[in-house]
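J.: sequence first, predicted coordinates after that:
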Amino acid sequence: MTLITDSIDAAVTQILQNITGPIRLATPLGLGKPYYLLNALYDQVVNNPARKLAIYTALSLNPPVGKSELEKRFLTPFVERLYGADFPRLKYAEANSSDSLPDNIQVQEFYMNSGALLGSLSAQSFYASLNYTHVPEALASRDINVVVQKLAQDNQGNYSLACNTDLTLDTLDAITAKGASKPLCIGVVDTKLPFIGGEAVVDASLFEVIVTQDAGQESASNSKGYHKPIDAKLFAAPRQPVGEVDYAIGLYASTLVKDGGTLQIGIGALADALCHALVLRHTDNETYRRVLKALDPDIENHPTVQAFGGLDSFERGLYGCSEMLNEGFRLLVKHGIVKRRVVEDEEVMRRVANGSATQSDTNLIETQGHFLDGAFFLGSPEFYDWLRSLESTNNTVGMRRISQINSVIGEHFMLETYKRQHARFFNTCMMATALGGAASETLPDGKVVSGVGGQYNFVSMAHSLPKAKSVLLLRSTRTSSGKTKSNILWDVSHLTIPRHLRDVYITEYGIADLRYAADRECISAMLTITDSEFQQQLLETAQDNRKIHESALEETFASKQNTAEVLSAKLQRFRQDGTLPDYPLGSDFTDTEQDIVRALGWLKSNTQTTPDKLTTVFDVFMQSISDKFSGILGGQDREADADKVEQRVRAAMIRMGYWDTEGNEIDDDGLDSELLEHALRETL
């Protein structure tokens, strides 16, 4: 019988009393973690060395904290506004990050917040490299004895796994199949969590304990404040700015999406750029074609675009099927792009696929079909509001098990084939080889940046489904400590995707279709999307290794068109007229904060090396002298645009606490304030 309680402490007591030996606890990735429960359990175990706790999870998220003084000045008010002053921080995650976990507590993650744990010995040591679909079996092999996760609840008292329908049921099935005992399952209701119906709905009997939550109610019944959970805001993923390189990649990617097809996307600036390009293609096709023509005048004649994509708007629309539902899908649904409905009926979907659907089939799809399926969701407050608005729309959005989203193997293969027509799987990678392999999770030195997640699953599915394509997006270069390096290399360690599963790669310089290509053809295609600075060296390496012999290829690179300067010139007017905005999916930053983000980005890129720092500091010094000289002369009337710039600089400096509302300096904070002011003037 399920214990219903409003006490976190009671739930923790159940764990400690029912599990007499080591606690082996699984909790969902991302949004589905019950923060207060996990913190309360952590406090109990950390103070009792005789108890042991192992936490198996992924993507443990805490609000960002600034490291430098500039970052702190910017982030502190922003974080409080986005997350609330009382948002909890996962104690185990902070201890894991700082290598301060006690000996009796271990944390093992299969996916990390990108780049956040590169310096953690604990996190790097206990990282588990797993395909997403293999996680349930892996958890079963660890003899999990506790499962905790957030739940949503509707007005009728029904419970939903909501944001994390991905692993819980598959994991319980894997444990049962192993013949092991069912773990102690505890659900914590979060009143702010959007309720998703359909397959996400579960019976209360699945849980031994359900902790209810009264909206807005806090209790200081004990020093930890755990008696009744605070109704904190949902964790939000701030929307990031999209740059020219991102837009070029997104625009190229958008040409490979087939009307009437299926779409999977990841998260981040590249996915945002792709979604904006698809919206532009659908809502303003003339402008879309102008942008593409500026980028590549011959794009519509690209063989892969002709065979698998298109440039027209979407009449039939797309079916979204992605492990993660995020901001981009909200935009695509809003603009009528993601709208192709499917049902879980093989015969109906077969008739739809071959054009013999009956009126009864059509009625069934219109009344019971869904156009978007995912395994977990994460996004902005606006995204969560959108999901809440869909609660009464006949389950048009569904949450499903990871085995149903990230796999088509098994008895439902034909159903998935009919549903996922012309599937396009868009994911990102860090580096790629000239022969078609990709590194997406691990650096050459073995440090893990993020994780495999579902990438291998999607690449494999693209080779299993008819007319499907896997598209890996990557920026052609990266800059570290002031030095630019190519992301397309001859050899890369720790490949996530082996080259025998090669398919399509896209950089800001174009599309390289490698599926079924010979090595010579792979090299030639990858060279065309490599930055000009690195093309010759890559070609010579291929020649030295007897993989390609045509010296005539060198003529292809003589024009040196693959440069950041050329790309910027192609897209500049579309950036200026608002066709390609900084925040295509909306922003969690105010206008002034967006100015600061841009300035901080400029400052970071212009102070990476000692010479860069000296040059920037010298520019600040000269600007200071110039300003004082202008003051002595009394200055001249400024133009309207200059006045607007000054107003924006003032607003930014006030927001950062360096100036008062009259524009007077109140805290110079050494050189930081002058550097920021200089960066603002450079970027406004």
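T.: Yep, that arrived.
J.: mind listing what residue 329 touches?
T.: By CB atoms under 8 Å, 6 or more residues apart in numbering, residue 329 lies in contact with 265, 275, 320, 322, 338, 372, 374. Where C-beta positions appear, they are placed from N, C-alpha and C, glycine not excepted.
J.: any chance of the residues you listed in CSV, with neighbour count, secondary structure and pLDDT too?
T.: Below are the contacts of residue 329 laid out as CSV (neighbours: other CB atoms under 10 Å; DSSP: H, G, I helix; E, B strand; the rest coil; pLDDT from 0 to 100):
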residue, neighbour count, secondary structure, pLDDT
265, 28, coil, 95
275, 29, helix, 97
320, 24, strand, 97
322, 27, strand, 95
338, 26, strand, 97
372, 25, strand, 95
374, 25, strand, 95
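J.: identify, from those, the entry nearest to residue 163.
T.: residue 374 (9.5 Å; CB to CB).
J.: any idea what sits nearest the closest one, other than its immediate chain neighbours?
T.: Nearest non-adjacent residue to residue 374, counting by CB to CB, 6 or more residues apart in numbering: residue 325, 3.6 Å away.
J.: ok, what's across the strand from the one you found?
T.: When bridges are called by DSSP bridges, residue 325 pairs up with residue 377.
J.: report the contact partners of it.
T.: If you count contacts by CB under 8 Å, 6+ apart, residue 325 has them with 372, 374, 376-377, 379, 397, 399.
J.: so which of the residues you listed sits lowest on pLDDT?
T.: Taking those together, the minimum pLDDT is found at residue 397 (89).
J.: how close does the residue nearest to that one when sequence neighbours are not counted sit to residue 403?
T.: In space, and not counting its chain neighbours, residue 397 is closest to residue 372: 4.6 Å by CB to CB, 6+ apart. Relative to residue 403, residue 372 is positioned 18 Å away (CB to CB, to the nearest Å).
J.: same question, residue 348
T.: Separation of residue 348 from residue 403 (CB to CB) stands at 22 Å.
J.: ok, now residue 544?
T.: Taking CB to CB, one finds residue 544 at 45 Å from residue 403.
J.: next: residue 119.
T.: In terms of CB to CB, residue 119 sits 34 Å off from residue 403.
J.: what about those two, which has more around it?
T.: A side-by-side neighbour count of residue 119 and residue 403, using other CB atoms under 10 Å, places residue 403 first with 21 against 12.
J.: output the contacting helices and strands for the helix or strand where the more buried one lies.
T.: Applying DSSP states H and E as the criterion places residue 403 in helix 402-405. Helix 402-405 sits against helix 135-141, strand 319-325, strand 372-377, with contacts defined as 3 or more CB pairs under 8 Å, 6 or more residues apart in numbering; DSSP states H and E.
J.: show me the domain layout of this protein.
T.: 3-211, 244-566, 591-683 (automatic domain parsing).
J.: check the offset of the second one from the chain's centre.
T.: The one in question is domain 244-566. 14 Å (CA atoms, centre = their mean, to the nearest Å).
J.: roughly how far apart are the closest residue to residue 320 other than its chain neighbours and residue 60?
T.: Distances taken as CB to CB, 6+ apart put residue 372 closest to residue 320, at 4.1 Å, once the chain neighbours are dropped. Residue 372 is 26 Å from residue 60, where distance means CB to CB.
J.: residue boundaries of the strands in the stretch 1-150 of the chain?
T.: Along the stretch 1-150 of the chain, the stretches classed as strands by DSSP state E, counting those that start in this stretch are 3-5, 23-26, 53-57, 105-109, 146-153.
J.: and the third one, what does it pack against?
T.: Same thing as strand 53-57. strand 23-26, helix 35-46, strand 105-109.
J.: switch the cut-off to 6 Å
T.: Contact analysis of strand 53-57 by 3 or more CB pairs under 6 Å, 6 or more residues apart in numbering; DSSP states H and E lists strand 23-26, strand 105-109 as its packing neighbours.
J.: ditto for the shortest one
T.: Judged by 3+ CB pairs under 6 Å, 6+ apart, strand 3-5 is in contact with strand 209-211.
J.: low-confidence ranges in the stretch 551-684 of the chain?
T.: 551-559, 608-640, 667-669 (pLDDT under 70).
J.: please enumerate the helices of it.
T.: Here the stretch 551-684 of the chain has its helices, by DSSP state H, counting those that start in this stretch, at 564-576, 591-605, 610-633, 640-655, 672-683.
J.: pull the CA atoms of the shortest one into CSV?
T.: I take that to be helix 672-683. Presented in CSV, the C-alpha positions along helix 672-683 are these (Å, rounded to 0.1, in the frame of the first residue of the first chain):
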residue,chain,number,x,y,z
ASP,A,672,37.1,45.3,-14.8
SER,A,673,34.7,48.2,-15.1
GLU,A,674,36.8,49.9,-17.7
LEU,A,675,37.2,46.7,-19.7
LEU,A,676,33.5,46.1,-19.6
GLU,A,677,32.7,49.6,-20.7
HIS,A,678,35.2,49.3,-23.5
ALA,A,679,33.7,46.0,-24.6
LEU,A,680,30.2,47.4,-24.6
ARG,A,681,31.3,50.2,-26.9
GLU,A,682,33.0,47.7,-29.2
THR,A,683,29.9,45.6,-29.5
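J.: that helix vs helix 591-605, what angle?
T.: Between helix 672-683 and helix 591-605, the angle comes out at 100 degrees (axes from the mean of the first three to the mean of the last three CA atoms, to 10 degrees).
J.: repeat for the fourth one
T.: In this structure, helix 640-655 runs at an angle of 90 degrees to helix 591-605, with the same axes, to 10 degrees as the basis.
J.: mind giving me the packing neighbours of helix 640-655?
T.: For helix 640-655, the elements it packs on are helix 591-605, judged by 3+ CB pairs under 6 Å, 6+ apart.
J.: in the helix it packs on, what's buried?
T.: 592-600, 602-603 (16 or more other CB atoms under 10 Å).
J.: wait, residue 233 touches residue 82, no?
T.: No. Between residue 233 and residue 82 there is no contact under CB atoms under 6 Å: 7.7 Å.
J.: what touches both of these two?
T.: When CB atoms under 6 Å, 6 or more residues apart in numbering defines a contact, no residue borders residue 233 and residue 82 alike.
J.: more neighbours: the two, which one.
T.: More neighbours surround residue 82 than the other of residue 233 and residue 82, with 20 against 14 (other CB under 10 Å).
J.: how about the more buried one, what does it touch?
T.: Counting by CB under 6 Å, 6+ apart, residue 82 touches 236, 588.
J.: would you mind measuring from it to residue 174?
T.: The spacing between residue 82 and residue 174, counted by CB to CB, is 36 Å.
J.: for residue 258, same thing?
T.: 35 Å.
J.: same question, residue 565
T.: 53 Å.
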